[in-house]
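Visitor: Sequence below, structure please.
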Amino acid sequence: MTQMRIRNMNTNDLGFAISLTEQEKWGSIREDFQELLLFDPNGSFIAEMNGEPIGMVCAISYGSFGFIGNLIVRSEYRKSGYGTTLMSHAIAYLKGKGTDTVMLDAVQKAVPLYKKLGFKEMCNSLRYEGRVEPETSSNSRDMEDKDMMHILGIDRKHFGANRFLFLGSSLSRDPDLARVIEVGGRIVGYIMGSKRHGFVRLAPWIISECPELANEMLRDFAVRVEGKQIKLGVLESNTHAVKVMKAHAFYQKSYSVRMVLGALPRDMQPSNAVYAIGSAMRG
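Guide: Down below sits the predicted model:
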C-alpha cells in the first residue's frame, strides 16, 4: 500500500489549496494562505500520494494556545484515515512549539473525528450572511497606521494574542473596510473586512467598551461595503452579537463547532467583546 507523505506547504501549493477550499465553498482567497505562510512558513502542510497532493491542514501557534484549520482531503481519498493522520501531524507540530491548548472550528460531519482525538465542544461558531442598511456614524473614522498599537492592545486583551501580521495585512489590503469607533476621543472598538468573490467578509470585529455601539458600527461598515453581501462568523456564546445579527435580519447559513484540546484557562474563554471571529482558521 502506498504511504502518504506529509510535507510543508509552500507558495507553489496555493493553487491546490484554493481548489480544495472552493470544493468546500469556503470562500478563501490566495492572500489567506500567503498570510499563513508569512506568519509561520512551517505551520501549513500538504499530504501527498505518489507525489500528487491529496490534502492539507494548517496550524497557527499564538504561544500558549493555537488554532488548526483548513483540514481538507480530496473526496476520492476520504474515509481512509488520511484526515486523522494530517490532524495528528498538525497537533504534534503545535505541541512541539509549546502550545498547550489547541482550538478549531469543526464542520458538523468532522466533530466525531475530533472527539476521538480528544477535542471537546465549547460552543457553536455561527456563519451569518446578509445586507445592512448603511448609515455613517459620527463616532467612527478610518483606521490609520498610527492606531495600530492601540488596536493591538484591544485585540490582545480580548483575543489573547498578538495578531499584528494579520491585522496589519488587512489594513494594507483593504483600508477602506477598516474602521474604528471612538468615545470621548478614545478608540473603544474596531471593525475590519476583506473583499471576496462577490461579497465582503467582516473579520475581525471587537468592541472593548460600549457594546450599545454595535448596531452603529455595523451600519457604518455597510456604507463602505456599497451594497455587497456581508459574511461573518459569530460565536454563539456572545449573545449580544447574535442579537445584533437578528436585529439586522442576517441569515444563519450554517454553523461549525468551536472545539478545544487541552485545558482552557479562564483568560482564554471566549470574550463577549468579540463580535466577529478572525476566521475559522485563525480564531
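Visitor: got a list of what residue 266 touches?
Guide: By C-beta atoms under 8 Å, 6 or more residues apart in numbering, no residues touch residue 266. C-beta: built from backbone N, CA, C; applies to glycine.
Visitor: Distance check, it against residue 101.
Guide: 12 Å (C-beta to C-beta, to the nearest Å).
Visitor: One more: residue 136?
Guide: For residue 136, the distance to residue 101 - C-beta to C-beta - is 40 Å.
Visitor: More neighbours: which of those two?
Guide: When residue 136 and residue 101 are compared for neighbours, residue 101 comes out ahead with 19 against 12, by other C-beta atoms under 10 Å.
Visitor: which strand residues sit across from that one in the sheet?
Guide: residue 65 (DSSP bridges).
Visitor: That one against residue 64, yeah?
Guide: Yes. Look at residue 101 against residue 64 with C-beta atoms under 8 Å: they come within range, at 6.5 Å.
Visitor: Mutual contacts of the two, please.
Guide: In contact with both residue 101 and residue 64: 265, 268, using C-beta under 8 Å, 6+ apart.
Visitor: Below-threshold pLDDT in this protein: ranges please.
Guide: 1-2 (pLDDT under 70).
Visitor: Could you list the domains of it?
Guide: What automatic domain parsing lists as the domains of the chain is 5-99, 128-276.
Visitor: The ones you listed: which one's closest to residue 107?
Guide: Taking C-beta to C-beta, domain 128-276 is the member of these nearest to residue 107, at 5.6 Å.
Visitor: re the thing from before, the domains of the chain into TSV, with extra columns for distance to residue 113?
Guide: Listed next are the domains of the chain as TSV, based on distance: least, C-beta to C-beta, whole Å:
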stretch	distance to residue 113
domain 5-99	6
domain 128-276	10
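Visitor: between those, which gets nearest to residue 111?
Guide: Here domain 128-276 is closest among the domains of the chain (C-beta to C-beta), at 5.5 Å.
Visitor: Distance across the closest one, terminal residue to terminal residue?
Guide: 10 Å (C-alpha to C-alpha, to the nearest Å).
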